[in-house]
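Chemist: Got a predicted structure here, sequence first:
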Amino acid sequence: MGDLHNKRKQLAELYYRIKSHQGNVKHSETRWTDLKNSLKRLQCIKESEEESSSDIDLLEAFMLVPKSLRQLISDVKQCKAYTQLPVVNSAYTGGCLAFCTQGERNLGTLIYLSGQRLENIVFDQVSVENSGIKRTCQSSHVQVSGVVREIASYNFQCAVRTENEVQIFSADNNYGVWERKHGLKLTDDPSSIALSPFIKGDVLVANRLGTVRLWTCGHQPKVVCEEVGTRFSCNESWRQCHFGAHPRLGVLADRSGVGMFDMSFRVQNCQDVNDLFVLPSKHLSVKERVMATKQHPESHFYHVVATDYSLILVDERFYNVPVLQWNHSLLTPPQYMDIVASVDLHGTKEDILLLSSQESCETNCFQFSVCHDTHTQDCHTPQATCPMWRSSKISDFTCFPN
C-alpha cells in the first residue's frame, strides 16, 4: 500500500495515544489535578493581560501544557490533512497477476512478480488440473526498471506498467520464452493500460488527469483524449481505460462514472464523451463511487463496473441501464477484477467474475451467463446463474479441518 499504508498506520497510532492519554488522566487523580491547575493558570494569564500579551506570557502558557499533551497536539495538527484518505492505493489499478492461454484452455503462462521491490516479472508455463496448478517447465525471469504497478495480457502479449514506462512482452512460438519487444517512456504518471482485443500491438494508456494515448507498437503514441475532467468534484484523480466493442472505441472511467469516446478524433472535454454509466444513479446509493471497470473478454459489448458496494454489468448499447446487479459484500471497496469466460460447468458455458479488495484481501466470485454469439437462435439476455461465493483467504488455513 506504500505511502497510504504509512498514513493509516500513523492515524492508528495517534488514535491509540489519544485513548491512552484519556485513560491515564481519568484514572490518575494526580494527573487530573495537575491538568486542572494548568488550565486554571492558563485562564488567569488570558484574563489578566489580554491587551499586552507578551511573548513571555505565551511562552509561560506553552510551558504549562504537559509535554506529552504538547506532542499530541502537534501530531493532531499534522494528521488533520489525512481526513480524506483514499480507501485504496489506485496506483496499482488492474493488478499484477495475469494468465495467457496457449491454445488449449488448461495450458498457459502465469505472469506474476517477485523480488524485494517487485521488480522481477516471472513467466511460468503451467497446466491447470483438477488437483491444482502445476508448472510444466522452468520459469523465466525478466527484470524491469522501476516498480511494476500493473500487468495486462491478451492475445499472447503482455503489457507492463511502471511509474513512467509501459513495456510490451511477447512469447515465441513455443510460449516458453517471453522477450521485451517494445517500450514507451512517459513524462506523466500512467494510471492504467489496456491491450486491444482486436488489433495486436494496440495499447491504450491513461494518466490520472484524463489524458488517453493510443500506442501502436513501433510507432509514436497518439493522444486521443486530452485531460477530460470528472463529472463532479472527486477526492481522488483516478482513471482507468479499456477498449469498447470497436477497435477505435475507447472507454474511460473515473470516480464519477464510465464514458465512451471515439478515437478517430481528439476528445478535449466531457461533452465529447458518451456516458455509459454515470453517478449519481437511482440504482445506487448517493455516496457510491466507481472503483474498477473491466471489459468482457469475449462479449465486448458488455462491461463490468464495480463501486463501493455494488457490482454492475452494463451493455454499451443501452446507456445507464444495469443489465445485472449484485451487492458484492466485500468488507472494503474493490480494487481488482478479472473475468474467466465460457467455463464448462456441468455441460453449460458460464462466466466467472472474480472481484477482490486490496486492504481486506478477500475475493468474491460471481457466476453469470451472457450470449457470446448474437446470431444463434438460443441467444438470451444475461442472467446470474448462482449466488455469490467467496474464494478462500490466506488466513483461512486456520479454519481448515485436520
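Modeler: The structure has been received and is ready for your questions. Please read all numbers here as calculations on a predicted model, not as lab measurements. Residues are numbered from 1 along each chain as shown.

Chemist: any idea how far residue 348 is from the nearest residue to residue 161 once chain neighbours are set aside?
Modeler: Taking CB to CB, 6 or more residues apart in numbering as the measure, residue 161 lies nearest to residue 150, with 4.1 Å between them; neighbours along the chain are not counted. (Glycine included, C-beta is placed from N, CA and C.) Shown here: residue 150 relative to residue 348, a distance of 33 Å by CB to CB, to the nearest Å.

Chemist: Which one of those two is surrounded by more residues?
Modeler: When neighbours are counted by other CB atoms under 10 Å, residue 150 comes out ahead of the other of residue 150 and residue 348, with 22 against 9.

Chemist: The more buried one touches residue 96, doesn't it?
Modeler: Yes. Between residue 150 and residue 96 a contact is recorded at 6.5 Å, counting by CB atoms under 8 Å.

Chemist: sorry, back to before: tell me the spacing between the residue nearest to residue 161 and residue 386.
Modeler: Counting by CB to CB, the gap between residue 150 and residue 386 amounts to 30 Å.

Chemist: Equivalent analysis for residue 306, please.
Modeler: Using CB to CB, one gets 19 Å for the distance from residue 306 to residue 386.

Chemist: between the two, which one's more packed in?
Modeler: Relative neighbour count places residue 306 above the other of residue 306 and residue 386, with 26 against 11, counting by other CB under 10 Å.

Chemist: and residue 311, what is it in contact with?
Modeler: 304, 305, 325, 326, 327, 328, 334, 353, 355, 366 (CB atoms under 8 Å, 6 or more residues apart in numbering).

Chemist: Buried ones among those residues?
Modeler: Buried residues within the contacts of residue 311, defined by neighbour count using 16 or more other CB atoms under 10 Å: 304, 305, 326, 328, 334, 353, 355, 366.

Chemist: could you pull out the strands for the stretch 101-250 of the chain?
Modeler: Here the stretch 101-250 of the chain has its strands, by DSSP state E, counting those that start in this stretch, at 104-114, 120-129, 132-135, 140-143, 150-154, 157-161, 165-171, 178-185, 190-195, 202-207, 212-216, 222-225, 240-243, 249-254.

Chemist: Okay, now the sheet partners of the fifth one, with direction.
Modeler: Sheet neighbours of strand 150-154, with direction, are listed as strand 157-161 (antiparallel) (DSSP bridges).

Chemist: again with the third one
Modeler: Strand partners for strand 132-135, identified by DSSP bridges, are recorded as strand 120-129 (antiparallel).

Chemist: quick one on the thing from earlier: who wins for proximity to residue 281 among the strands of the stretch 101-250 of the chain?
Modeler: strand 249-254 (14.0 Å; CB to CB).

Chemist: Show me what the closest one is in contact with.
Modeler: Counting by CB under 8 Å, 6+ apart, strand 249-254 makes contact with 204, 206, 210, 212, 214, 224-225, 228, 230-231, 234, 238-244, 258-263, 273, 276, 290, 293, 295, 303, 305, 316, all of which sit outside it.

Chemist: residues of that strand that come out buried?
Modeler: 249, 250, 251, 252, 253, 254.

Chemist: How about stretch 89-99?
Modeler: For stretch 89-99, using 16+ other CB under 10 Å, the buried residues are 89, 90, 91, 92, 93, 94, 95, 96, 98, 99.

Chemist: could I have it exported to PDB, CA atoms only?
Modeler: Provided in PDB are the C-alpha atoms of stretch 89-99 (Å, rounded to 0.1, in the frame of the first residue of the first chain):
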ATOM      1  CA  ASN A  89      -4.000   2.700  -3.500                       C
ATOM      2  CA  SER A  90      -5.200   3.500  -7.000                       C
ATOM      3  CA  ALA A  91      -1.600   3.400  -8.400                       C
ATOM      4  CA  TYR A  92      -2.000  -0.400  -8.600                       C
ATOM      5  CA  THR A  93      -5.200  -0.400 -10.500                       C
ATOM      6  CA  GLY A  94      -5.500  -3.500 -12.700                       C
ATOM      7  CA  GLY A  95      -3.400  -5.800 -10.500                       C
ATOM      8  CA  CYS A  96       0.000  -7.500 -11.100                       C
ATOM      9  CA  LEU A  97      -1.300 -11.000 -12.000                       C
ATOM     10  CA  ALA A  98      -2.200 -12.300 -15.400                       C
ATOM     11  CA  PHE A  99      -2.700 -15.600 -17.300                       C
END
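
Chemist: contacting residues around that stretch?
Modeler: Residues beyond stretch 89-99 that count as contacts (CB under 8 Å, 6+ apart) turn out to be 1-2, 4-5, 108-113, 118, 148-153, 158, 161, 191-193, 236, 238, 240, 292, 335-336, 338, 356, 358.

Chemist: Please identify the helix or strand for residue 260.
Modeler: The secondary structure element spanning residue 260 is strand 257-262 (assigned by DSSP states H and E).

Chemist: partners of that strand, with directions?
Modeler: Take DSSP bridges as the rule and strand 257-262 pairs in its sheet with strand 249-254 (antiparallel), strand 274-278 (antiparallel).

Chemist: quick one: average pLDDT of it?
Modeler: Averaging the model's pLDDT scores along strand 257-262 yields 95.

Chemist: where's it relative to the chain centroid, distance-wise?
Modeler: How far strand 257-262 lies from its chain's middle: 18 Å, per CA atoms, centre = their mean, to the nearest Å.

Chemist: One more: stretch 96-114?
Modeler: On the basis of CA atoms, centre = their mean, stretch 96-114 is displaced by 21 Å from the centre of the chain it belongs to.

Chemist: Could you work out the end-to-end span of stretch 277-286 for me?
Modeler: For stretch 277-286, the separation between the terminal residues is 14 Å (CA to CA, to the nearest Å).

Chemist: again but with stretch 213-229, I slipped
Modeler: Start-to-end span of stretch 213-229 (CA to CA) is 16 Å.

Chemist: What distance do you get for residue 289 to residue 238?
Modeler: Plainly put, residue 289 is 9 Å away from residue 238 if you go by CB to CB.

Chemist: So which of these two has more stuff around it?
Modeler: residue 238 (23 against 18).

Chemist: pretty sure that one is touching residue 207, no?
Modeler: No. Counting by CB under 8 Å, residue 238 stays clear of residue 207, with 10.4 Å between them.
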